[in-house]
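A.B. asks: okay, sequence plus prediction incoming.
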Amino acid sequence: MEQLCHFIEGRFVASSDWIEVYEPATGMVYANVARGDRTDVDRAVAAAEHAFPQWSQATPAERSAILHRIADALEARLDEFAYAESRDQGKPVSLARALDIPRSLANLRFFAAAALHTWTEAHPLPTALNYTLRQPLGVVGCISPWNLPLYLLTWKIAPALAFGNTVVAKPSELTPLTATMFAQLCAECGLPPGVLNIVHGYGSEAGAAIVEHPRIRAISFTGSTATGAYIARTAGPQFKKLSLELGGKNPTLVFADSDLDSAIPQIVRAGFLNQGEICLCGSRIIVERTIFERFVERFCDHVRSLRVGDPLNAETDIGALVSQAHYHKVLAAIERAVADGGRILTGGNAARLDGRCIYGWFVEPTVIVDLEPNCSANQEEIFGPVVTILPFDSDSDALAIANSIRYGLAASIWTNDLRRAHMIADRLECGVVWVNCWMLRDLRTPFGGTKDSGVGREGGWEAYRFFTEAKNVCIKL
Ligand code: NAD
């Protein structure tokens with residue numbers, strides 16, 4: 001059985017204790033991952049500190065070249081990484097091939113290019129010149145979740161490294177495989193030892209040790225709101241810089257004037273991509289009452305055509321949920337929605353597969369109506385293949401439903417009325433709005449949420465600002 005080790009100071013380091021890693025599609029253990037603790041994190045921080053002077057003083061061109069080399073090596077092994085991501089996470093291999101690994105490449109290349117194009121401000125006075133330096137922070141901690149494992153890990157470590165920091169990263173204990181393979185790639189591509197360190201393990205052990213470590217200067221975290229609150233509580237008094245990308249329960253607003261032929265397949269995708277395990281998924285669909293019945297019927301027809309299956313099968317649309325615990329949580333959320341008066345139009349059950357997937361954690365794509373906006377299924381993140389559909393009567397009604405929630409990550413608006421699109425986008429309480437599209441990403445744009453969806457923004461110059469410290473120098477002329 002494969003042993004997935006820590007990667008510290010350029011070497012793979014075994015552990016005295018291991019965590020079993022399951023393949024979600026089969027429900028079977030297929031690897032063990034190192035169970036890191038404070039000692040491992042201390043070692044990784046020491047390695048990162050040791051590597052920092054040289055890495056931070058390398059020219060941007062040198063750092064950029066190494067990141068490009070890593071991206072090229074990843075591209076050459078795209079299929080291998082896609083297979084590993086699918087096996088580890090449960091997502092369709094076709095999705096890992098089309099989204100996860102290409103986006104990981106894009107993250108590396110985007111920030112490799114950004115390293116060459118940084119700038120700082122100057123504020124001249126007649127009597128003095130102010131100029132601002134942007135310096136790397138030192139050792140930073142990057143903690144990532146299980147839903148888009150390599151995609152979100154590289155989204156953090158690429159800017160951290162590009163702008164001269166050294167990193168201690170912790171991938172989710174549920175999906176440690178591609179991070180470990182990536183570490184190997186970094187070593188092969190000449191990333192100096194200690195620049196990137198990966199400590200595996202449980203959040204409450206290795207993760208907490210990173211958050212609490214006094215010599216880690218910043219934490220870039222993506223994961224649940226509950227863990228984000230712990231990190232804010234713990235790292236705040238140490239005055240670490242924090243970027244917290246947390247949960248979402250995103251509204252999809254469908255107006256009567258939208259083009260349903262083009263909208264419905266995209267809204268289905270927004271609800272169910274990656275089994276609904278994406279923080280940006282549009283899981284609360286709010287539809288103008290005049291088209292409600294027509295929309296629901298066409299939407300459900302489309303959902304029924306989604307194929308639940310072995311993630312390694314190229315035809316599969318919906319793979320397995322990441323863990324047994326998560327599978328039970330999603331099924332319990334469906335049961336609760338029914339108890340709250342919800343009516344299931346399609347799905348609603350575990351999906352039973354044959355062959356190697358007989359014990360896998362599959363759930364049918366599920367559509368629920370007749371729920372009040374304030375019930376649990378409309379307020380809490382389910383993070384599975386489950387959407388609710390609610391009617392609205394006016395623009396203000398739509399906005400009130402969309403905003404009546406503690407989360408504020410993303411939203412999508414479907415309308416052909418430009419005036420309305422601007423007005424609704426302006427009044428939605430969230431960090432990202434798409435109009436007549438969903439998850440159309442440009443890595444230059446600020447990405448992140450409001451309210452309980454987090455603080456801070458990632459992407460583009462936001463990442464540059466986060467991973468550097470401003471120092472103003474004032475010279476009397
Ligand atoms: P999680 O919070 O349980 O875990 C995320 C990471 O944090 C894992 O690596 C975990 O081991 C670690 N962790 C857990 N407890 C910790 C602690 N006490 N100290 C330090 N680290 C700790 O989240 P998850 O279940 O892995 O991910 C799903 C969640 O992530 C969902 O809520 C989803 O919405 C959110 N998410 C948000 C975004 C975004 O960009 N806003 C993107 C993807 C996922």
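C.D. replies: Everything's here; your move. Computed from a predicted structure; not experimentally measured. Numbers count the residues shown, from 1 in each chain.

A.B. asks: show me what from the chain comes close to the ligand.
C.D. replies: The chain comes close to the ligand at residues 143-147, 152, 170, 172-173, 203-204, 207-208, 211, 222-224, 227, 230, 245-248, 279, 381, 383, 409, 449, 453-454, as judged by Cβ under 6 Å from any ligand atom. Every C-beta, even on glycine, is put in place using the N, C-alpha and C of the backbone.

A.B. asks: for the top helix by length along the chain, name the packing helices and strands.
C.D. replies: As assigned by DSSP state H, the longest helix anywhere in the chain is helix 38-57. Here helix 38-57 touches strand 6-8, strand 128-136, strand 139-143, strand 166-170, strand 196-198, helix 208-212, going by 3 or more Cβ pairs under 8 Å, 6 or more residues apart in numbering; DSSP states H and E.

A.B. asks: any chance of those in JSON lines with mean neighbour count, mean pLDDT and distance to Glu462 as columns?
C.D. replies: Converted to JSON lines, the helices and strands packed on helix 38-57 look like this (neighbours: other Cβ atoms under 10 Å; pLDDT from 0 to 100; distance: least, Cβ to Cβ, whole Å):
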{"stretch": "strand 6-8", "mean neighbour count": "26", "mean pLDDT": "98", "distance to Glu462": "28"}
{"stretch": "strand 128-136", "mean neighbour count": "14", "mean pLDDT": "98", "distance to Glu462": "13"}
{"stretch": "strand 139-143", "mean neighbour count": "28", "mean pLDDT": "99", "distance to Glu462": "15"}
{"stretch": "strand 166-170", "mean neighbour count": "28", "mean pLDDT": "99", "distance to Glu462": "18"}
{"stretch": "strand 196-198", "mean neighbour count": "28", "mean pLDDT": "99", "distance to Glu462": "21"}
{"stretch": "helix 208-212", "mean neighbour count": "23", "mean pLDDT": "98", "distance to Glu462": "21"}
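
A.B. asks: domains of this protein?
C.D. replies: 2-246+453-476, 251-443 (automatic domain parsing).

A.B. asks: hang on, the earlier thing: now the longest helix of the chain: buried residues?
C.D. replies: 40-41, 43-52, 55-56 (16 or more other Cβ atoms under 10 Å).

A.B. asks: can I get the helices and strands packed on helix 38-57 in JSON lines with distance to Glu364?
C.D. replies: JSON lines is the format used below for the helices and strands packed on helix 38-57 (distance: least, Cβ to Cβ, whole Å):
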{"stretch": "strand 6-8", "distance to Glu364": "38"}
{"stretch": "strand 128-136", "distance to Glu364": "48"}
{"stretch": "strand 139-143", "distance to Glu364": "32"}
{"stretch": "strand 166-170", "distance to Glu364": "33"}
{"stretch": "strand 196-198", "distance to Glu364": "36"}
{"stretch": "helix 208-212", "distance to Glu364": "36"}
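
A.B. asks: Asn374 contacts Ile401, doesn't it?
C.D. replies: No: look at Asn374 against Ile401 with Cβ atoms under 8 Å: they stay out of range, at 9.6 Å.

A.B. asks: who has more neighbours out of the two?
C.D. replies: Ile401 (19 against 11; other Cβ atoms under 10 Å).

A.B. asks: quick one: contacts for that one?
C.D. replies: For Ile401, the contact set (Cβ atoms under 8 Å, 6 or more residues apart in numbering) comprises Pro251, Arg284, Ile286, Pro373, Leu390, Phe392.

A.B. asks: how does it look with 6 Å?
C.D. replies: Ile286, Pro373, Phe392 (Cβ atoms under 6 Å, 6 or more residues apart in numbering).

A.B. asks: out of the residues you listed, which is most surrounded?
C.D. replies: Result: Ile286 is most packed of the contacts of Ile401 (other Cβ under 10 Å), 25 neighbours.

A.B. asks: so Phe292 sits in a helix?
C.D. replies: Yes: if the criterion is DSSP: H, G, I helix; E, B strand; the rest coil, then Phe292 is within a helix.

A.B. asks: count of neighbours near it?
C.D. replies: Neighbour number of Phe292 under other Cβ under 10 Å is 18.

A.B. asks: got a list of what it touches?
C.D. replies: So Phe292 contacts Pro391 (Cβ under 6 Å, 6+ apart).

A.B. asks: for Gly164, same thing?
C.D. replies: Applying Cβ under 6 Å, 6+ apart to Gly164 gives the contacts Ser56, Pro136.

A.B. asks: 8 Å - rerun?
C.D. replies: Trp55, Ser56, Ala58, Arg63, Gln135, Pro136, Thr468.

A.B. asks: in the stretch 1-150 of the chain, what residue is nearest the ligand?
C.D. replies: Pro145 (3.2 Å; Cβ to the nearest ligand atom).

A.B. asks: so how far is Arg427 from that residue?
C.D. replies: According to Cβ to Cβ, to the nearest Å, Pro145 and Arg427 sit 30 Å apart.

A.B. asks: ok, now Ile216?
C.D. replies: On the measure of Cβ to Cβ, Ile216 and Arg427 end up 38 Å apart.

A.B. asks: per-residue confidence at the residue nearest the centre of the chain?
C.D. replies: Against the mean C-alpha coordinate of the chain, by Cα atoms, centre = their mean, the closest residue is Leu152 at 5.0 Å. Looking at Leu152, its pLDDT reads 98.

A.B. asks: check the gap between it and Ala51 for me.
C.D. replies: As defined by Cβ to Cβ, Leu152 lies at a distance of 23 Å from Ala51.

A.B. asks: repeat that for Arg289.
C.D. replies: Relative to Ala51, and taking Cβ to Cβ, Arg289 is found at 60 Å.

A.B. asks: ditto for His302
C.D. replies: Counting by Cβ to Cβ, the gap from His302 to Ala51 is 51 Å.

A.B. asks: same check on Ala76?
C.D. replies: On the measure of Cβ to Cβ, Ala76 and Ala51 end up 26 Å apart.

A.B. asks: also Thr366?
C.D. replies: In terms of Cβ to Cβ, Thr366 sits 48 Å off from Ala51.

A.B. asks: ok, Lys156 next?
C.D. replies: In terms of Cβ to Cβ, Lys156 sits 17 Å off from Ala51.

A.B. asks: re earlier: higher neighbour count, Pro145 and Arg427?
C.D. replies: Remark: of Pro145 and Arg427, Pro145 carries more neighbours, 24 against 13, as counted by other Cβ under 10 Å.

A.B. asks: what sits against the more buried one?
C.D. replies: Counted by Cβ under 8 Å, 6+ apart, Pro145 has contacts Leu152, Ser172, Thr222, Gly223, Ser224.

A.B. asks: SS state for it?
C.D. replies: Strictly by three-state DSSP, Pro145 counts as coil.

A.B. asks: now do the phi/psi pair for it.
C.D. replies: phi -100, psi -170 (degrees, to the nearest 10).

A.B. asks: and it, what's its pLDDT?
C.D. replies: Pro145 is assigned 98 on the pLDDT scale.

A.B. asks: please work out how many residues are found near the closest residue to it other than its chain neighbours.
C.D. replies: Excluding the flanking residues, the one nearest Pro145 by Cβ to Cβ, 6 or more residues apart in numbering is Gly223, at 4.4 Å. When neighbours are defined as other Cβ under 10 Å, Gly223 has 23 of them.

A.B. asks: which residues touch Gly223?
C.D. replies: By Cβ under 8 Å, 6+ apart, the contact set of Gly223 is Ile143, Ser144, Pro145, Ser172, Gly203, Glu245, Leu246.

A.B. asks: now the terminal residues of stretch 462-477, how far apart.
C.D. replies: 32 Å (Cα to Cα, to the nearest Å).
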